[in-house]
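S.K.: From the sequence below, what's the structure:
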Amino acid sequence: MSKSQFKNQNAAAIFGVLLTVLSVICLNSAVCADAQIGACYGTLGNNLPSPTELLALCNKHNIQRIRIYNPNPSILEALNRNPNISVIVGVPNEEIQGIANNPALAKSWIQNHILKYRNVNFRYIAVGNEISPLDGASSSIAPSVAPAMQNIHNALSETTLGRKVKVSTALSMGVLAKSYPPSAGEFISAPTFISPIVQFLAKTNGPFLINVYPYFAYTSDTTNIRLDYALFTSNSAVVTDGGYQYRSLFDAMVDAVHAALEKAGGANVEVVVTESGWPSAGGTATTVKNAQIYNSNLIKSVKNGTPKKPGKEIETYVFDLIDENQKSPELEKHWGIFLANKHPKYPLSFI
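M.R.: You can find the predicted model right below:
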């Protein structure tokens, strides 16, 4: 063997060792590419670990993205020390009308809750959660959502984060007038609500944030919706829609949103699932086993996209990070993947 051949073979061997080491690092830490699976961080409990402890738990279990529902100072301060974890932060529903009517309030909100935390890895700002013109509790707020989004966006655009952080609003599946079959997906008729939101997102390249719960769809019609279809465990197609076949209710629901966006002029708007999960107690089909089955399959499934958009990974947030014992009714207390003592409720991999 010549010296040059020996050098080439030796270099190749060293390169192979480096690739192996890097692969191990990727499998066992958050050093490599950011997985698109996160978790929602609810705080309605009187026995919850501190934000520092919960973020340490996230790091330990490779949860690199979280969603919080308001600019909680304690959580944001903890995130300021953990810039490897990105966050969706919510503008509380009760603040939306003021922000919509007063651009100065939007600037103040960005200054006090975003710019104050220089090291936080902000991903999106969600202006409100599950507001709908059909919901009596939030119907009066609905016309203010798009203007508030615009004012927050304008305030953000005046900062260095203007191109990095996207502005949107998190909606429920209730904004769809039709969802079956998926290709028939269509938004409710709400010209002052849905249309301006979709137009804004198309213009700013922002994501459409949607909370998707096959659990509630299943429990609302257990006669016609099979449990295996809701849990991702069907071995064959349950719904055939043209050229698309659906083995999971989650995929069908997400593709109904895709279809609705296309009809509303948002064909290129990305769908991000900001909540999805399965409770472990408190209601129909609520067991620890079913919660584990659903969330494990959810994490695997969203990496592959949907029948309508195969191979397009869906950024998704599992609800909930930890059980919240102050919620009601009883069902709402049991969505956590961790118990209040920080022990996992069941094995679940975010890799």
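S.K.: neighbouring contacts of stretch 107-120?
M.R.: Contact with stretch 107-120 is made by 71, 76-77, 79-81, 83, 87, 89, 91, 95, 99, 122, 125, 152, 155-156, 158-159, 161, 165, as judged by C-beta atoms under 8 Å, 6 or more residues apart in numbering. No exception for glycine: its C-beta is placed from N, CA and C like everyone else's.
S.K.: Can you show me the strands along the stretch 51-200 of the chain?
M.R.: Taking DSSP state E, counting those that start in this stretch as the criterion, the stretch 51-200 of the chain carries its strands at 65-68, 86-91, 121-129, 166-172, 176-178, 186-187.
S.K.: For residue 239, find the nearest of those.
M.R.: strand 176-178 (14.2 Å; C-beta to C-beta).
S.K.: so what does that closest one touch, helix or strand wise?
M.R.: In terms of contacts (3 or more C-beta pairs under 8 Å, 6 or more residues apart in numbering; DSSP states H and E), strand 176-178 is packed against strand 186-187, helix 249-263.
S.K.: Quick one: distance of that strand to the chain centre.
M.R.: Averaging C-alpha positions (C-alpha atoms, centre = their mean, to the nearest Å) puts strand 176-178 21 Å from its chain's average.
S.K.: Okay, now the sheet partners of that strand, with direction.
M.R.: If you go by DSSP bridges, strand 176-178 pairs up with strand 186-187 (antiparallel).
S.K.: Can you give the contact residues for the partner strand?
M.R.: With contact meaning C-beta under 8 Å, 6+ apart, strand 186-187 is reached by 175-178, 194, 198, 259-260, 263-264.
S.K.: now swap in stretch 145-152 and tell me
M.R.: 91, 96-97, 99-103, 105-106, 109-110, 125, 127-128, 131, 167-169, 192-193, 196-197, 200.
S.K.: list the buried ones in stretch 84-104?
M.R.: Residues 85-91, 93, 95-97, 99-100 are the ones in stretch 84-104 that count as buried (16 or more other C-beta atoms under 10 Å).
S.K.: now it: mean pLDDT?
M.R.: The pLDDT scores in stretch 84-104 average 97.
S.K.: how about it as CSV, C-alpha atoms only?
M.R.: The C-alpha trace of stretch 84-104 is given here as CSV (Å, rounded to 0.1, in the frame of the first residue of the first chain):
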residue,chain,number,x,y,z
ASN,A,84,-32.2,26.0,23.2
ILE,A,85,-35.9,25.7,23.9
SER,A,86,-38.1,27.7,21.6
VAL,A,87,-41.5,29.0,22.6
ILE,A,88,-44.9,30.0,21.3
VAL,A,89,-46.2,32.8,23.6
GLY,A,90,-49.9,33.8,23.8
VAL,A,91,-51.6,37.2,24.0
PRO,A,92,-54.4,36.6,26.5
ASN,A,93,-57.9,36.8,25.0
GLU,A,94,-58.9,39.6,27.3
GLU,A,95,-56.1,41.9,26.0
ILE,A,96,-56.9,41.5,22.3
GLN,A,97,-59.5,44.3,21.9
GLY,A,98,-57.3,46.9,23.5
ILE,A,99,-54.3,45.9,21.3
ALA,A,100,-56.5,46.0,18.2
ASN,A,101,-57.7,49.5,19.0
ASN,A,102,-54.4,51.0,20.1
PRO,A,103,-51.1,50.4,18.3
ALA,A,104,-49.3,51.9,21.3
